[in-house]
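Colleague: Quick one: sequence and predicted model below, then my questions.
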Amino acid sequence: MLVCEFMHSPAVTCNPDATLEHAAREMDRLNVGCLVVVTDGGHLAGIVTDRDIAVKGVGWGHDSATPVVKVMTKGVAVIQSDALISEVASKMALWGVRRMPVVDVSGELKGVIALDDVTTAMSDEIGFLRETVSTQASGGRGWDGS
C-alpha cells in the first residue's frame, strides 16, 4: 500500500506570517490537527500543529496575533507519495512525529499523512492477510483455480 492511497490531499496550508488565531480557526473549521506552512513561492517552510499552538504558543505566553513562524516546527521530515506505508511508519517513528507532509518526486507538496492514516492502512493490510490465511486454512482455491 502506498502513501498516496491514504494521504489527505490537498494539504491544508498557511503562510509563515499567519497568526496563531488564524491557524487555530482554520484547524477547527477544517477539522485538521496541523497546517503545512508554505512560503509565497510555495516552498515548504515548516508545519504547525494544534499542540504547537497550545504548548509553544499559549504555554510560552504568546498572544493570538503571534505569527506561526514563531512556534512552527522547521526542518520537517517529508515522505514521497509513492512510498510504502511501512516506510512512512518507520520515518514517523525515527523522527518522533504524528503527521508528515507528502511530496512528489520533484518535491511538490501533495498532501499530509497522519499516524491515524498509517494505522488504518496497516489494519487493512492485516485484514487482507487474515483473509488469505483463512482461505488457505479452509482448503481454498489452488493455483489452477480449482
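Modeller: That came through, no problem. The structure displayed is predicted, hence computed values, not measured ones. Residues are numbered from 1 along each chain as shown.
Colleague: mind listing the strands for the chain?
Modeller: Using DSSP state E, the strands of the chain run over 13-14, 34-38, 44-49, 79-80, 99-103, 109-114.
Colleague: okay, the third one in CSV with CA atoms only?
Modeller: Taking C-alpha atoms only, strand 44-49 is exported to CSV below (Å, rounded to 0.1, in the frame of the first residue of the first chain):
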residue,chain,number,x,y,z
LEU,A,44,7.8,24.1,2.5
ALA,A,45,8.8,26.3,5.5
GLY,A,46,7.5,24.0,8.3
ILE,A,47,4.5,22.6,10.0
VAL,A,48,2.3,24.0,12.8
THR,A,49,0.2,21.6,14.9
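Colleague: CSV please, covering the strands of the chain and showing mean pLDDT.
Modeller: Shown next, in CSV, are these (pLDDT from 0 to 100):
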stretch, mean pLDDT
strand 13-14, 97
strand 34-38, 96
strand 44-49, 96
strand 79-80, 96
strand 99-103, 96
strand 109-114, 96
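Colleague: Nearest approach to Glu5 belongs to which of those strands?
Modeller: Comparing these against Glu5 with C-beta to C-beta, the closest turns out to be strand 109-114 (9.9 Å). For the C-beta atoms, the positions are set from N, CA and C on the backbone; glycine is no exception.
Colleague: Low-confidence regions, this structure specifically.
Modeller: Residue ranges of the chain with pLDDT under 70: 140-146.
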